[in-house]
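Participant: Generate a structure from the sequence data that follows.
(chains A and B)
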Number of protein chains: 2
Amino acid sequence: MAKNCSTQSVATAVREYEGVTRKHAIGEIIRSLRLDRPDVVASFGEDAAVIRQGENGLLLAADGIWNKLMEADPYWAGFCAVLVNIHDIAAMGGEPLAMVDILSFTDDQLMAEVTRGMADAAARFNVPIVGGHLHPNTPYNVIDIAILGTARLHEIIYSDRAQTGDAIIAAIDIKGRVHPSCAMNWDSVTMKEGETLRTQIHVMKGLGEDNLVTAAKDISNPGVIGTLGMLLEMSKKGAIVDLHAIPMPDLHEHGITFEHWVRMYPGMGFILTSSQEHVDEVCRRFRIAGMAAQVIGTVTDGRELTVTYQGEKTSVFDFSVDGIIGIFDGCNQI
Amino acid sequence: MAKNCSTQSVATAVREYEGVTRKHAIGEIIRSLRLDRPDVVASFGEDAAVIRQGENGLLLAADGIWNKLMEADPYWAGFCAVLVNIHDIAAMGGEPLAMVDILSFTDDQLMAEVTRGMADAAARFNVPIVGGHLHPNTPYNVIDIAILGTARLHEIIYSDRAQTGDAIIAAIDIKGRVHPSCAMNWDSVTMKEGETLRTQIHVMKGLGEDNLVTAAKDISNPGVIGTLGMLLEMSKKGAIVDLHAIPMPDLHEHGITFEHWVRMYPGMGFILTSSQEHVDEVCRRFRIAGMAAQVIGTVTDGRELTVTYQGEKTSVFDFSVDGIIGIFDGCNQI
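Facilitator: Numbering: from 1, shown residues only, chains lettered A, B, ... in the order given. Below you'll find the model as predicted:
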């Protein structure tokens, strides 16, 4: 960790990062779209919705790519569109089955690059794209993907079940590079074989089957701390996190600061909570798959996410005042 | 049918309609994204992909809304985004389970109108939106939805199984209006109760269960003839269609021509093929649900879609020369 890093500077960097603030608008959408049905076990706020089907859960998620990334690197945007969807299913302990895409393009050249990225990622993870919709000749470039997965109902991992006293584990593949087209993306995937990537993704399914974690989320645009914040908001808990423990590559070598690192989207990363007795086994499984995994903190009974470093201590989010996704403002948990 | 209508003018209107021509780019996408997996029973070219799950099929589809419609009427765009997705599942004889959305918005006012339309449609069809993704403050407005459905595998209705000699049936709810914001949309839905709409959608499921049709598609942007063209392309068949038989409202009253009518997107419409012995029962079921249903032609062994009117005869598409979606150019059926 860089010497000039302070808990205050990290807290501010995370709190004001666009990847975090742009999540605020979600709460309002949720309130207007909500429709209760008995077969819907989980919906908004989870990485994937869960639809009951006997003893099984069908997992359904959707994710799109920021226009900024699309403009910066269409191949990587296509690759990421698949990657984030597969993570949505993996984070729930599910098995991804198939994806559908909706593409809107200004020109054919860009479309070819995006679909090349999508096809590469789909092949490496061995999850087929089975249909979708195309808007050619639109005045904008958008790629949206939805994914279907499955898991046994009692093996599904949710984000809202972290328990007070649980260890917080961050698991990240730190063998990678700052993506040359996008400084906020840690690319640990484009240089890896499909088998390696599938093994990493598969760790989550095993953790679900053996009931080793209480909650999890894949680390997405809000970064390590922002994603943990969303998990805590869902679980109605707080946490204390030791910044020093967050797995990280050699920052100097990659020319980035710690404030930068904690906000990055890692190609392969999960935040998990588990009872203290399972910590070693959880970390061991990620390490076998080639990922760094560390306990970075503890779940608390409060509603604050506090970060510490060398005795210094700062509150990043106070969920009793305002949430990240605002999912509990005016509606019960859904 | 208007007196000045000719088969030639209808053929040209359909062939050159943007709703039809914009489908051409799909073939290339399909070829680059294709990835075979044994559990994928059907994918591109069908209204929904079919994933095998024991005796059951999971149906997955995605559809978005043209930016033109989004700009013309955000409420109707939101309503339609849900409507077209539910039709994708219904056309396969499936039961819609849940939807996820991906929203990109320039401003909150527009977002509120779109989500109001989505929520209204979701409530009337009783299919919940269970999650998704939001891009706030994008420089464009896009709404994409994906839908999950289910059906018993042997009851699924595909588009690629029309048989030579089958009757072609068009079933459309003609009790509606030209949508005030969008002249190419026939709105038969916003003024109807949820129960009526659910009964209409449900007809398809019954036809699948009783194996009464050989192929079907919901009538989408390419209109009655364009949608039939896509079904024939999938089935590698031709057809001869009597324009006079296409169900239509009082065109004079609604101030539209027949060329206009055949290109319209009807809020509730299906194209089906069935063996002659089942025609009466198929039509009877749609009529009970309040829809007009007529035999409009016959499936032929050729590769041409020909329309006739009062002895006049014109070829609209010749699939041996070029397809609408080009799904068979360079790859086998998938």
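Participant: Flag every residue of the stretch 101-250 of chain A that's near chain B.
Facilitator: Applying C-beta under 8 Å from any C-beta of the partner chain, we find that the stretch 101-250 of chain A lies next to chain B at A:101-104, A:108, A:111-112, A:115-116, A:118-119, A:122-123, A:126, A:128-140, A:142, A:144, A:146, A:148, A:150. C-beta coordinates here come from the backbone N, C-alpha and C atoms, glycine included.
Participant: Tell me which entries of those residues lie within strands.
Facilitator: Assignment to strands by DSSP state E places the following of those there: A:101-104, A:129-135, A:142, A:144, A:146, A:148, A:150.
Participant: By pLDDT, give me the weakest of those.
Facilitator: pLDDT across these is lowest for A:His135, at 77.
Participant: tell me the contacts of that residue?
Facilitator: Residues in contact with A:His135 (C-beta atoms under 8 Å, 6 or more residues apart in numbering or on different chains) are A:Ile102, A:Leu103, A:Ser104, A:Phe105, B:Arg22, B:Gly64, B:Trp66, B:Asn67.
Participant: How about it: which residues does it bridge to?
Facilitator: Going by DSSP bridges, A:His135 is paired in beta bridges with A:Ser104.
Participant: Okay, it and A:Val84: tell me how far apart.
Facilitator: 21 Å (C-beta to C-beta, to the nearest Å).
Participant: same question, A:Ser220
Facilitator: Distance, A:Ser220 to A:Val84, using C-beta to C-beta: 7 Å.
Participant: what do you get for A:Ser315?
Facilitator: 29 Å.
Participant: I figured A:Gly117 hits A:Trp76, correct?
Facilitator: Yes. The pair A:Gly117 / A:Trp76 is scored as a contact, 6.2 Å apart, by C-beta atoms under 8 Å.
Participant: Counting neighbours around each, name which of A:Ser315 and A:Val84 comes out higher.
Facilitator: Set A:Ser315 next to A:Val84 and count neighbours by other C-beta atoms under 10 Å in any protein chain shown: A:Val84 wins out with 24 against 16.
Participant: Which element, helix or strand, includes the more buried one?
Facilitator: Taking DSSP states H and E as the criterion, A:Val84 maps to helix A:74-91.
Participant: again with A:Ala171
Facilitator: When secondary structure is defined by DSSP H and E, A:Ala171 falls within strand A:167-172.
Participant: Show me what that strand is packed against.
Facilitator: Here strand A:167-172 touches helix A:223-235, strand A:269-274, helix A:279-288, strand A:292-300, going by 3 or more C-beta pairs under 8 Å, 6 or more residues apart in numbering or on different chains; DSSP states H and E.
Participant: Can you tell me the strand partners of the very next helix or strand once past the longest one and which way each runs?
Facilitator: Using DSSP H and E, the helix or strand that directly follows helix A:223-235 along the chain is strand A:238-242. According to DSSP bridges, strand A:238-242 has the following sheet partners: strand A:292-300 (antiparallel), strand A:304-309 (parallel).
Participant: Between strand A:269-274 and strand A:238-242, find me the angle.
Facilitator: Angle, strand A:238-242 to strand A:269-274, by axes from the mean of the first three to the mean of the last three C-alpha atoms, to 10 degrees: 120 degrees.
Participant: Dump strand A:238-242 to CSV, restricted to CA.
Facilitator: The C-alpha coordinates for strand A:238-242 follow below in CSV (Å, rounded to 0.1, in the frame of the first residue of the first chain):
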residue,chain,number,x,y,z
GLY,A,238,-22.0,-2.5,9.1
ALA,A,239,-18.4,-3.5,8.9
ILE,A,240,-14.9,-2.6,9.8
VAL,A,241,-12.3,-3.2,7.1
ASP,A,242,-8.5,-3.2,7.3
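Participant: quick check: mean pLDDT across it?
Facilitator: Rounded mean pLDDT across strand A:238-242 is 97.
Participant: What of stretch A:176-193?
Facilitator: The average of the pLDDT scores along stretch A:176-193 is 95.
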